[in-house]
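In: curious how this folds, go ahead:
(4 chains)
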There are 4 protein chains.
Amino acid sequence: MTHAPLAPRSAEEQARLDTALVEMFEQRITFNQVLGLKVLSVKPGDVRGRITMKPELVGHYSYGRLHGGVISATLDAMGGLGLMVAIAERHPSDNTMQVMQRFSRMGTIDLRIDYLRQGLGPHFIASAEVIRLGGRVGTVQMRLVNDEGTLIATGAGAYMVA
Amino acid sequence: MTHAPLAPRSAEEQARLDTALVEMFEQRITFNQVLGLKVLSVKPGDVRGRITMKPELVGHYSYGRLHGGVISATLDAMGGLGLMVAIAERHPSDNTMQVMQRFSRMGTIDLRIDYLRQGLGPHFIASAEVIRLGGRVGTVQMRLVNDEGTLIATGAGAYMVA
Amino acid sequence: MTHAPLAPRSAEEQARLDTALVEMFEQRITFNQVLGLKVLSVKPGDVRGRITMKPELVGHYSYGRLHGGVISATLDAMGGLGLMVAIAERHPSDNTMQVMQRFSRMGTIDLRIDYLRQGLGPHFIASAEVIRLGGRVGTVQMRLVNDEGTLIATGAGAYMVA
Amino acid sequence: MTHAPLAPRSAEEQARLDTALVEMFEQRITFNQVLGLKVLSVKPGDVRGRITMKPELVGHYSYGRLHGGVISATLDAMGGLGLMVAIAERHPSDNTMQVMQRFSRMGTIDLRIDYLRQGLGPHFIASAEVIRLGGRVGTVQMRLVNDEGTLIATGAGAYMVA
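Out: From the prediction side, this is the model:
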C-alpha cells in the first residue's frame, strides 16, 4: 500500500497564503522594513527577495558598500522565508492561519555567512534553497547577487521548525 | 639580540585614537546608526558596545524580540571593532590616521552566529575577544547578553587584516 | 508551589554511568579509536579528552602537523560528549541504560571550526563547554590546545538532543 | 593596452601536475590514507573524490553510519584540493614544483559543515566548488553524496592562499 499524495492547496487558498506570507515578511517583521526587503517570489524552489541600496545600509559612507550586517540580516531572513515556503508545501491541508502559526514556532539555530565580494550595486537579489527539511530542523543555503549577477555572499543556516 | 619592546602610544595619542575609533564606529558606519550601536569600551581585552531595544529592531512586532539580523549585524560590527583595537595595540607607533587607514583594508571573511535564546530585554551588551591576530587574518569571538546577563547569542568571525 | 530539586544520581550509578560513557566513547565509536581519543574528564563543567600525535594523524608528512580533519573530528566528538554529560546531569533519575538510549538519538546538526595555529606538539587536549541545552537542540563550544596550552582551534556545534 | 591571455600549461606539464597532485593528496597527506580518500577528478570545475565505507570510519558500530568527523575531514580535504586545482589553473606558467610550493603555504582558516542525513552507503562522493579565489583567501563549497546520490552533508570553508 502506498500513501495517496496529498491534494495540493486550492489556487485561492494558495494565493491567500502567498499574500499573507509576503505581508508578514515585508510589514510585520519590522527590521525587514528597515532593510527595505521586498519579496520577488515565494514559489517552492524559487524563493527570492530584493534590497535596494540606500544610505542607511552602507558600512562606511566613504565606500558606499553594503554593511556586512545588512547582508547577514537579509540572508537570515531569506533563509527563514525559504523554509516557510517549503513547510507550507509539505502541509497542503493547512490553511493560511495554520501555516502562519507554524511560522511563529520557527527560529534560527545558527547561521554562517561567507562574504565574497564587496556589496556594490543599485540593488541586490537574495535567494534561498532548502537543502533539507526534517521534522525538527531545516537547513537552507542562501545567496546574494548584485544587479549584474555577481555573487556577493553565500550563507547557510539551520532553523528549528515545528 | 632581542627586539626592544615597542614604546606604547602616548596618552594623548591614545585618547585621540579612541575618540576617532568611536566616532567612526558610531557615526560613519551608517548602518551602526540604524542599529543604535554605542561603544562602551575600546580597551584592549575589553571591547564592548550596547544596543537599546526599539521597534525598528524587532523580528516580528507581536513578539518584541530582536531580529536575528540585528544580532548578526551587531556581532559582526563588534568583532571588527575588537580587531581594530587589537591592531592599534600591535602597532603603537602608528598615529591615528595610520590606524584608520588599516581599518579601511579590513573586511569580514566569514561569520558564524549561534542564536541561543530570545533577544528580550531593554538593552543588550555585545563584546568581542580576539583569539588570534595574524599578519593576514584575525579571528574573533563575540557574545551578546541582555541587561540581566543572559547569554543571547555567540559568534565567531574571520577577518582580513593588513 | 515550587518543584523539589531532583535528587542526584547515587554515587554508584554515577560511577557506572561514567564508565559506560567512557567505554562507549573510546571503544564503540570506532573512528574515535582511529583518532586515539581518550577521555580525561566527564564531570559536568569539565569535559576533556586527549589525542596523542602519531604519523596517521598528520596532514602532510613533511610538516608533521595535525590534519585539519583530525581537529574537526576531535572537536565534533568532544562536543557530543560534553552534551551527553549535560544531558545525564539534567536527567538524574535516568539510569545508565536510559542515558545511553538518549545518546543514540543525538546527532550533529552543524559544526564550525576555526583553525588558529598549526597543530604541533606531542599531545593535545580538547574540551567542551555546553552553552545552551534546550529540549531539542544543544549548542556547545569546543577548544583544542597543545601540551604547552597554546590554543590551536576552536569550534562551535549545534546538536539534536532528545 | 590589454593583457594577453596566459598560455595554458602544456598537456605534458598538466599531466605531470595532475599526477603530482593526486600522489600528494592520496599518499603524502597521511590522514587522507586513513580515510581512504581517492581522487576521481582534478579538472577545473569538476573536483571529486571518493571514500569507501569501512569499519574504522563509523561513528558507532551498532549503526554503521559514517562518523561526523570522517565527513568533516573529507570535506575539508576536498575543499583544499578544489582550491589547489583553481590555483594551478590561475598560474599556468607555474611548473609542477612551483604549484606544489604554493600548496605548502595554504591552510584552512575555518570550516562549516552541515550534516543533513545519515552517512549510509557503500561509498561516498565528495566534490568541491571554488566560489571565490582571491589573492589571499579562497572560499570553497563542498558536498558529500552517497552512492545513490543522496546529499549527506554540505560544507563551506575559507582557506589562506599564496
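In: burial count for A:Lys54?
Out: A:Lys54 has 11 neighbours, counted by other Cβ atoms under 10 Å in any protein chain shown. No exception for glycine: its C-beta is placed from N, CA and C like everyone else's.
In: quick check: what element follows the longest helix seen in chain A along the chain?
Out: The longest helix of chain A (DSSP state H) is helix A:68-90. Following helix A:68-90 in sequence order, the next helix or strand is helix A:96-104 (DSSP states H and E).
In: which residues are in contact with that following helix?
Out: A:13, A:16-17, A:20-21, A:24, A:84, A:87-88, A:91, A:94, A:161-162, B:60, B:62-63 (Cβ atoms under 8 Å, 6 or more residues apart in numbering or on different chains).
In: what's the closest non-adjacent residue to A:Ile71?
Out: Excluding its sequence neighbours, the residue lying closest to A:Ile71 (Cβ to Cβ, 6 or more residues apart in numbering or on different chains) is A:Ala153, at 4.9 Å.
In: now do the one you found against chain C, distance only.
Out: 16 Å (Cβ to the nearest Cβ, to the nearest Å).
In: ditto for A:Asp94
Out: 21 Å.
In: kindly report the same for A:Ser62.
Out: Distance from A:Ser62 to chain C, by Cβ to the nearest Cβ: 30 Å.
In: ok, A:Gln33 next?
Out: Taking Cβ to the nearest Cβ, one finds A:Gln33 at 29 Å from chain C.
In: ok, now A:Ser93?
Out: 25 Å.
In: for A:Gly80, what are its contacts?
Out: Contacts of A:Gly80 by Cβ under 8 Å, 6+ apart are A:Met106, A:Thr108, A:Tyr159.
In: gap between the first one and C:Ala158?
Out: Spelled out, that is A:Met106. 15 Å (Cβ to Cβ, to the nearest Å).
In: of all the contacts of helix A:96-104, the one with the weakest confidence?
Out: Within the set of those, pLDDT is lowest for B:Ser62 (73).
In: any idea whether that residue is helix, strand or coil?
Out: At B:Ser62 the chain is in coil, as set by DSSP: H, G, I helix; E, B strand; the rest coil.
In: CA atoms only: put the lowest-mean-pLDDT helix or strand in chain A into PDB for me.
Out: Across the helices and strands of chain A, mean pLDDT, DSSP states H and E gives its lowest value to helix A:96-104, namely a mean of 90. Taking Å, rounded to 0.1, in the frame of the first residue of the first chain, the C-alpha atoms of helix A:96-104 are listed here in PDB:
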ATOM      1  CA  THR A  96      -3.200  30.200   5.900                       C
ATOM      2  CA  MET A  97      -3.700  30.700   9.600                       C
ATOM      3  CA  GLN A  98      -2.200  27.300  10.400                       C
ATOM      4  CA  VAL A  99       0.800  27.900   8.300                       C
ATOM      5  CA  MET A 100       1.300  31.300  10.000                       C
ATOM      6  CA  GLN A 101       1.100  29.600  13.400                       C
ATOM      7  CA  ARG A 102       3.900  27.200  12.200                       C
ATOM      8  CA  PHE A 103       6.000  30.300  11.400                       C
ATOM      9  CA  SER A 104       5.600  31.600  14.900                       C
END
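In: next, the buried residues of it.
Out: A:Thr96, A:Val99, A:Met100, A:Arg102, A:Phe103 (16 or more other Cβ atoms under 10 Å in any protein chain shown).
In: just the residues contacting the following helix or strand past that helix, thanks.
Out: Where DSSP H and E defines the elements, the next helix or strand beyond helix A:96-104 is strand A:107-115. Residues from elsewhere that reach strand A:107-115 (Cβ under 8 Å, 6+ apart): A:68, A:71-72, A:75-76, A:79-80, A:137, A:152-160, B:68, B:72, B:107-115, C:109-110, C:112, C:137, C:139, C:156, C:158, D:112, D:131, D:139, D:156, D:158.
In: next up, identify which helix or strand the closest residue to A:Leu83 other than its chain neighbours is on.
Out: Nearest residue to A:Leu83, sequence neighbours excluded (Cβ to Cβ, 6+ apart): A:Gly138, at 4.6 Å. If you go by DSSP H and E, A:Gly138 is part of strand A:137-146.
In: okay, the angle between that strand and strand A:107-115?
Out: 30 degrees (axes from the mean of the first three to the mean of the last three Cα atoms, to 10 degrees).
In: is it true that A:Leu40 touches A:Ile51?
Out: No: with contact defined as Cβ atoms under 8 Å, A:Leu40 does not count as touching A:Ile51 (10.8 Å).
In: who has more neighbours out of those two?
Out: A:Ile51 (24 against 14).
In: quick one, phi/psi of the more buried one?
Out: Main-chain torsions, A:Ile51, degrees, to the nearest 10: phi -120, psi 150.
In: report pLDDT for it.
Out: 97.
In: in chain A, which residue is most central in space?
Out: A:Met78 (1.9 Å; Cα atoms, centre = their mean).
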